[in-house]
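Peer 1: what follows is a predicted protein model with its sequence.
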Amino acid sequence: MYKNLAAALAAACFSLLPHTFSLAQTAPKTAPVKAAFVYVSPVADAGWTHQHEKGRQEMLTALGDKVQSTFVENVAEGADSERVIRDLAQAGNQIIFTPSFGYMEPTLRVAKEFPSVKFESITGYKRTANVSTANARYYEGRYLSGVLAGRMSKTGVAGFVAGFPIPEVMQGVNAFALGMRSVNPKAVVKVIWLDVWFDPPKERDAAMALFNEGVDVISFQTASTAIMAAAQERGKYAIGFHSNMNKVGPQAQLVAVTHQWGQYYTRRVQAVANGDWKSQDVWGGVREGMIRLDGFNSKIPLVVREEVAAREKDMIAGKLHPFHAGKQPIRDNEGVVRIAAGQSLSDMQILQMDWLTEGVQAPRRK
């Protein structure tokens, strides 16, 4: 009897095994995080939007089936962006990235309506419980590219084409000029404001106008590759921005100041998946790997490359601050002392920058 009972029990236990394994195999997987991105211009082969899309792709590769992502491109700042951001929130996206300064206020308005959705205002500066902010210290790369421009320019006259005179752009213009004047104290930087971030024909016209005024190296903060293409056409040098633009200007590009977003986007989406996302403010530069110099021109002498590399190393070590005055104060282009001798600007002062340094020539704004 005992033998029959043992056999029966064994058979009963064995019969349960497939059922137990089946339960483990069919356990529901954690649903992927839905992440959306809003882009201010079309996704092109290079430029601002290209670099953020590159970061999104890196995030997809890193997280695999843990994330489901989409994007909407060429969305104008203002009412259009608010509508798009709201549509993405209503569609069930759990985190929405809005990488353009003009998206800041629309993002804040939509965030109030969707408190459970996380928002990432890239280049914005206003935070709430569900709106985080992040930006890169572009000015660090600008300073280094200015050192290079100062060594490579034959006329000592550089150009800078920019969308709007917001603090971020003022930082870039000033850092570029200070870097250039650190190796050529007489260098001049001529600025043209476009009042638009993405307008290739307008960008090209501005570049051509500056070349006609004696500029032989040009920098810019606009969203297309039009200025790099213009420099290539005219046989001038240009500093690529946002992404490496070697394909557009193989002879023209001296170097590109690039910003890297893949790791940041990956961390923030992973935080949503983990349930530990918190609103924060991130401002990373060369030391953090968010700013990088890419695509150096082969015509640059080795001694100049080494000089730029040494400056970059000092910047990473905290020994070089673009907005530090040495024995002489730093004045603006109207002669007012902005940084006293031996002093450096604080982050808050940099973030509020509304002046242009000595050596910068720009039309007055109303």
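Peer 2: All right, it came through fine. Not measured: the values here are computed from a predicted model. Numbers count the residues shown, from 1 in each chain.
Peer 1: from now on I want contacts and neighbour counts done on CA atoms only, so please keep to that.
Peer 2: Noted.
Peer 1: find the nearest non-adjacent residue to T30, please.
Peer 2: Excluding the flanking residues, the one nearest T30 by C-alpha to C-alpha, 6 or more residues apart in numbering is K66, at 7.9 Å.
Peer 1: swap that for P329, sorry
Peer 2: Among residues not flanking P329 along the chain, A341 sits closest, at 4.2 Å (C-alpha to C-alpha, 6+ apart).
Peer 1: report pLDDT for that neighbour.
Peer 2: What the model reports as pLDDT for A341 is 97.
Peer 1: so for the chain, the centremost residue is which one?
Peer 2: H259 (4.5 Å; C-alpha atoms, centre = their mean).
Peer 1: which ones are touching it?
Peer 2: Q51, A136, Y138, H242, S243, M290, I291, R292 (C-alpha atoms under 8 Å, 6 or more residues apart in numbering).
Peer 1: cutoff 6 Å now
Peer 2: H242, M290, I291 (C-alpha atoms under 6 Å, 6 or more residues apart in numbering).
Peer 1: E306 too?
Peer 2: So E306 contacts nothing (C-alpha under 6 Å, 6+ apart).
Peer 1: let me know the average pLDDT across the one helix or strand it maps to.
Peer 2: E306 is part of helix 302-316, with elements assigned from DSSP states H and E. The average pLDDT within helix 302-316 is 98.
Peer 1: partners of the residue nearest to the centre of the chain in the sheet?
Peer 2: Beta-bridge partners for H259, by DSSP bridges, are I291.
Peer 1: equivalent analysis for G159, please.
Peer 2: Note on G159: beta-bridge partners by DSSP bridges are K190, I218.
Peer 1: and the end-to-end length of stretch 265-282?
Peer 2: By C-alpha to C-alpha, to the nearest Å, the extent of stretch 265-282 from end to end equals 12 Å.
Peer 1: residue ranges in the stretch 151-300 of the chain under the pLDDT threshold?
Peer 2: Across the stretch 151-300 of the chain, nothing is flagged by pLDDT under 70.
Peer 1: helices of that one, residue ranges please.
Peer 2: For the stretch 151-300 of the chain, the helices defined by DSSP state H, counting those that start in this stretch cover 167-181, 200-211, 226-234, 262-274.
Peer 1: just name the most buried of those.
Peer 2: helix 167-181 (a mean of 26; mean count of other C-alpha atoms under 10 Å).
Peer 1: G146 contacts R181, correct?
Peer 2: No. G146 lies out of contact with R181 (C-alpha atoms under 6 Å); the separation is 7.9 Å.
Peer 1: tell me which helix or strand W355 sits in.
Peer 2: Assigned by DSSP H and E, W355 belongs to neither a helix nor a strand.
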